[in-house]
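J.: the sequence and its predicted three-dimensional model are supplied below.
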Amino acid sequence: MQKTKAHILVVDDDPDVLTTARLFLKHHFTQVDAEKHPRELNGVLSKSDVDLILLDMNFTKGDNDGREGIYWLNHIKEVSPDTLVILMTAYGDVELAVSAIKRGATDFVLKPWKNEKLLATINSALQLRKSNKKVTRLEETRKSMEQDRDRDLGEFIGESEAMLNLMKTIEKVGTTDANVLILGENGTGKTLVARALHRASLRNNEAFIHVDLGALNENLFESELFGHKKGAFTDAHQDRAGRFELADTGTLFLDEIGNLPLHLQAKMLTVLQDRKLKRLGDTKEFNFDVRLICATNMPIHQHVDNGEFRQDLLYRINTVELVIPPLRERVEDIPILVDHFLKRYGKKYNKLELSMSKEVMSSLMDYHWPGNIRELEHAIERMVILSDSSHLTSDMVNFRSAGSDDEALDTLNLDDMERYLIDKAIRKHKGNISKAASDLGLTRAALYRRLEKHGI
Ligand SMILES: Nc1ncnc2c1ncn2[C@@H]1O[C@H](COP(=O)(O)OP(=O)(O)OP(=O)(O)O)[C@@H](O)[C@H]1O
């Protein structure tokens, strides 16, 4: 007979009850332990995960009011709220049992019990917990997806050869479960591509979970990705599922994977190889099934050469590698993108008659767009907001074309000056962030933070 995977603990001061219960339950569950006194509970609960405790109500000779049982029930619910408690009561204690259920016990059995009744009670309690856990996980997944949906990402536009090829590849790769790594500068549309891959996949009815490793505090990486158990660290006030768990059967998008610190790269590799993981502070391992998509704007191959990113991890995540070229290398996409954003923001701000002269369009096509499509989108939105007439003019665009150094140097505003210098360094090094950062006297991470701040 197949045993149910569960750890059951029987607590009763009567050795005969303990022996009978253990002998019977061992045939049905993978781990069954017995304790004579509930004061041993703390030791057991701190060492291992107990799924269910079968708890007697009275332990002191002569006592039969069940107060001890209630005391220990409260204690268990405090130190291990996930552990189920089934109380063993004598005939006639039904009122007491009902009050125990109000305090968190799952059920009760009358002593002496019938084996089949005991088994049925334990099984339905375990089943209920499984369903509750599933509901909690679905709720967390829903919340996480809702937060992501708030970021209005719209459709994928482009007619350059590079974009048309990219769209074809998305269709081909989307239907497979292959791990995909998307490379491209800030604002080139990596998130949009990740979503398009999910939409094209067989998992498109399941969750798409987006984790921005660039926005996470390094201390939180591990618990955010793998989840934690209550008490695993100071602020872990309750059990929490990690993003791998939330994305189970769906797609997990790890954005800015280049930010993953080396010690976690090793852990990530093991997790991806074994397709199994444990929440922080937990002893239980579980399997997961996710389609992994990663993205980065860093020169990841260069990071491998410098020893900053593990080669074995790169090979794990880049079964297919998609490179999105920067906007300045596909200027033929600018008119169609401008048109798309004009429509979008014209509608949003109720200015539907806006048009753009050839001159304005060519100034947009001349600009080098260090912040790529995100910067173009913001520029168009600003033009739409500022326009009083139906004609858009280039003075509404807040960009500096190469060579307008003097204008920028005129300003004494530190923020403008910082943006200008960053812009200039990136142009000078043709988009190479490492070289630009070194010229500016910044670390790459510090430069990335500033790029984010200025929307570049
Ligand atoms: N091909 C495209 N068509 C339409 N809109 C696009 C396209 N590419 C990017 N965008 C828009 O540009 C903005 C930035 O795109 P996205 O967030 O996907 O870029 P990213 O490469 O993930 O940026 P980051 O590196 O900063 O995370 C979004 O508002 C997105 O909708």
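T.: It's in.

J.: and the contacts of the host helix or strand of residue 253?
T.: Using DSSP states H and E, residue 253 maps to strand 251-255. Here strand 251-255 makes contact (CB atoms under 8 Å, 6 or more residues apart in numbering) with 190-191, 194-195, 197-198, 201, 203, 206-214, 243-244, 260, 290-296. (C-beta placed from N, C-alpha, C; glycine too.)

J.: now do it, average pLDDT.
T.: The predicted model assigns strand 251-255 a mean pLDDT of 95.

J.: so what strands line up beside that strand?
T.: According to DSSP bridges, strand 251-255 has the following sheet partners: strand 208-212 (parallel), strand 291-296 (parallel).

J.: out of those, which is the most enclosed?
T.: Comparing these by mean neighbour count (mean count of other CB atoms under 10 Å), strand 291-296 comes out on top with a mean of 26.

J.: residues contacting residue 113?
T.: Counting by CB under 8 Å, 6+ apart, residue 113 touches residue 88.

J.: for the spatially closest residue to residue 79 that is not a sequence neighbour, give me its contacts.
T.: Spatial nearest neighbour of residue 79, excluding adjacent residues (CB to CB, 6 or more residues apart in numbering): residue 45 at 5.8 Å. Contacts for residue 45 (CB under 8 Å, 6+ apart) come out as 76, 79-80, 83.

J.: which of those has the most neighbours?
T.: The most crowded member of these, judged by other CB atoms under 10 Å, is residue 76 (23 neighbours).

J.: that residue touches residue 54, doesn't it?
T.: No - judged on CB atoms under 8 Å, residue 76 makes no contact with residue 54 at a distance of 11.5 Å.

J.: that older thread, give me the secondary structure label for the residue nearest to residue 79.
T.: The three-state label given to residue 45 by DSSP: H, G, I helix; E, B strand; the rest coil is helix.

J.: what's the separation between it and the ligand?
T.: Relative to the ligand, residue 45 is positioned 43 Å away (CB to the nearest ligand atom, to the nearest Å).

J.: sorry, back to before: and the contacts of residue 45, which is closest to residue 89?
T.: Residue 89 has its nearest neighbour among the contacts of residue 45 in residue 76, at 16.2 Å by CB to CB.

J.: ok, the closest one to the ligand distance?
T.: 46 Å.

J.: list the beta-bridge partners for the closest residue to residue 247 other than its chain neighbours.
T.: Excluding the flanking residues, the one nearest residue 247 by CB to CB, 6+ apart is residue 209, at 4.0 Å. As for beta bridges, residue 209 partners with residue 252 under DSSP bridges.

J.: quick check, residue 10 in a helix?
T.: No - counting by three-state DSSP, one finds residue 10 to be strand, located in no helix.

J.: state the pLDDT value of it.
T.: On the pLDDT scale, residue 10 is placed at 95.

J.: and the helix or strand residue 5 falls within, what other elements does it pack with?
T.: In this structure, residue 5 sits in strand 4-11 according to DSSP H and E. When contacts are defined as 3 or more CB pairs under 8 Å, 6 or more residues apart in numbering; DSSP states H and E, strand 4-11 packs onto helix 15-25, strand 29-35, helix 41-47, strand 52-56, helix 115-149.

J.: output those as CSV; include the columns distance to residue 312 and mean pLDDT.
T.: Putting the helices and strands packed on strand 4-11 into CSV (distance: least, CB to CB, whole Å; pLDDT from 0 to 100) gives the following:
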stretch, distance to residue 312, mean pLDDT
helix 15-25, 44, 92
strand 29-35, 34, 94
helix 41-47, 34, 83
strand 52-56, 41, 93
helix 115-149, 29, 81
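
J.: pick the most buried one from these.
T.: strand 52-56 (a mean of 25).

J.: got the angle between that strand and strand 4-11?
T.: Using axes from the mean of the first three to the mean of the last three CA atoms, to 10 degrees, one finds that strand 52-56 and strand 4-11 are set 20 degrees apart in direction.

J.: just checking, what packs against strand 52-56?
T.: Against strand 52-56 (3+ CB pairs under 8 Å, 6+ apart) you get strand 4-11, helix 67-79, strand 84-90, helix 115-149.

J.: tell me how far it lies from the chain's centre.
T.: Relative to the centre of its chain, strand 52-56 is centred 36 Å away, using CA atoms, centre = their mean, to the nearest Å.

J.: now the stretch 251-400 of the chain, which segments are flagged as low pLDDT?
T.: In the predicted model, the stretch 251-400 of the chain carries pLDDT under 70 at residues 395-396, 398-400.

J.: contact residues of it facing the ligand?
T.: Residues of the stretch 251-400 of the chain lying close to the ligand (CB under 6 Å from any ligand atom) are 255, 297, 373-374, 377.

J.: greatest separation within those residues: which pair is it?
T.: Pairwise distances across those peak at 18.0 Å for 255 and 377 (criterion: CB to CB).

J.: check contacts around residue 231.
T.: Applying CB under 8 Å, 6+ apart, the residues near residue 231 are residue 281.

J.: secondary structure class for it?
T.: The three-state assignment at residue 231 reads coil, by three-state DSSP.

J.: phi, psi of it?
T.: Dihedral pair for residue 231: phi 90, psi 0, per degrees, to the nearest 10.

J.: and the one 10 residues further on, by the same measure?
T.: According to degrees, to the nearest 10, the main-chain angles of residue 241 amount to phi -80, psi 140.

J.: ok, the residue in the stretch 151-300 of the chain that the ligand sits nearest to - contacts?
T.: Nearest residue of the stretch 151-300 of the chain to the ligand: residue 189, at 2.6 Å (CB to the nearest ligand atom). Residue 189 sits next to 156, 324, 372-373 when contact means CB under 8 Å, 6+ apart.

J.: also residue 76?
T.: 41, 45, 53, 55, 83, 85.

J.: is residue 433 in contact with residue 297, as I believe?
T.: Yes - judged on CB under 8 Å, residue 433 makes contact with residue 297 at a distance of 7.4 Å.
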